[in-house]
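Asks: the sequence isn't on hand, but the structure is:
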């Protein structure tokens, strides 16, 4: 064990130069993060064994901490180093993703939560957060029926994104990590459901490169992306996107469109091209509705 721990120390500290070269947040200190990394990996014999056998993965994982600007500090619960596929990988929690968005000024505040069948949940329009009432001490709140994330932007606007449990399960079944039947989807389903919702919702928040980089990493090296080969092999659960897109275009107010989006968006989450079509239609229709709101009325034109 002593030899393995010494080897781990050598691997982690050999990442110092690459860590410094890509550091995006000067508040993140290599010595502290190196200590957290060694503490985390050495606490798990299996992870330690993987780390000793795969030096490049240890260096890559530690370097990604700096490149993304996230911390392994266990008190923050932002990120972890985990063994996956014979390598040590950086895993970012849903709280870590929200913290990245807040740290870069994209949003002021964020909350993600599961909704159970005995909860009372309701959307309250475009400019207000949703209502979610439940008894936190209840022994049985029923099965999980959905998940949502609500944020407050720098402009004071609330944005809410919801996903049904069916949409969550569809993405789980299509993801590289979810289809294996083990890993975080098995051990921490609720956390992965919240992360999935955050990863969809962030597309409609003010953009930030660090959050983009973190989610791209999770979807590629992190193994959380859609398994496109598996999608191509399946046709039994394909959803026709055209009626959904037409329904969005038929909404007449921004509030109505937002509510429609929150309800329907998750249905196409596993069909990348169709989901992009829906997103494009959403943005185009939003521009039209905003233009209609600001356009002068006939009376105003006559008065001018």
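Replies: That came through, no problem. Since the structure is predicted, the reported quantities are computational estimates derived from the model, not experimental observations. Numbering: from 1, shown residues only.
Asks: residue 50 is in contact with residue 88, isn't it?
Replies: Yes: counting by C-beta atoms under 8 Å, residue 50 touches residue 88, with 6.0 Å between them. Yep, even glycine has a C-beta here, placed from its N, CA and C like the rest.
Asks: give me the more crowded residue out of those two.
Replies: Comparing residue 50 with residue 88 by other C-beta atoms under 10 Å, the one with more neighbours is residue 88, at 28 against 21.
Asks: thinking again about what came up before, between residue 50 and residue 88, which contacts overlap?
Replies: Counting by C-beta atoms under 8 Å, 6 or more residues apart in numbering, the contacts common to residue 50 and residue 88 are residue 57.
Asks: where does the protein have low pLDDT?
Replies: Scanning the chain for pLDDT under 70 picks out 1-2, 126, 225-238, 270, 272-273, 295-304.
Asks: what is the helix ranked longest in the chain packed up against?
Replies: Counting residues, the longest helix found in the chain (DSSP state H) is helix 272-294. Other helices and strands packing on helix 272-294, by 3 or more C-beta pairs under 8 Å, 6 or more residues apart in numbering; DSSP states H and E, are helix 242-249, helix 254-264.
Asks: would you reformat the ones you listed as TSV and include mean neighbour count and distance to residue 39?
Replies: Listed next are the helices and strands packed on helix 272-294 as TSV, based on neighbours: other C-beta atoms under 10 Å; distance: least, C-beta to C-beta, whole Å:
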stretch	mean neighbour count	distance to residue 39
helix 242-249	14	48
helix 254-264	18	41
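Asks: indicate which one of those helices is closest to residue 45.
Replies: Minimum separation from residue 45 across the helices and strands packed on helix 272-294 (C-beta to C-beta) falls at helix 254-264, 44.6 Å.
Asks: distance between that closest one and the chain's centre?
Replies: 20 Å (C-alpha atoms, centre = their mean, to the nearest Å).
Asks: and that helix with helix 242-249, angle?
Replies: Calculated by axes from the mean of the first three to the mean of the last three C-alpha atoms, to 10 degrees, helix 254-264 forms an angle of 160 degrees with helix 242-249.
Asks: which residues are in contact with helix 254-264?
Replies: Residues from elsewhere that reach helix 254-264 (C-beta under 8 Å, 6+ apart): 123, 125-126, 160-162, 244, 247-248, 251, 278, 282, 285-286, 289-290, 293.
Asks: go with 7 Å
Replies: Residues outside helix 254-264 that contact it (C-beta atoms under 7 Å, 6 or more residues apart in numbering) are 123, 125-126, 160-162, 244, 247-248, 251, 282, 285-286, 289.
Asks: just give me the closest of those residues to residue 26.
Replies: Distances from residue 26 to those, taken by C-beta to C-beta, are shortest for residue 161, at 31.7 Å.
Asks: return the set of residues that bridge with that closest one.
Replies: residue 149 (DSSP bridges).
Asks: so it makes contact with residue 198?
Replies: No: Residue 161 is not in contact with residue 198 according to C-beta atoms under 7 Å; the separation is 8.3 Å.
Asks: identify the contacts common to those two.
Replies: Common neighbours of residue 161 and residue 198 (C-beta under 7 Å, 6+ apart) are residue 149.
Asks: buried ones in stretch 120-131, by neighbour count?
Replies: For stretch 120-131, the neighbour count (16 or more other C-beta atoms under 10 Å) marks 121, 123, 126, 129-130 as buried.
Asks: max pairwise distance over the residues you listed: which two?
Replies: 121 and 126 (16.9 Å).
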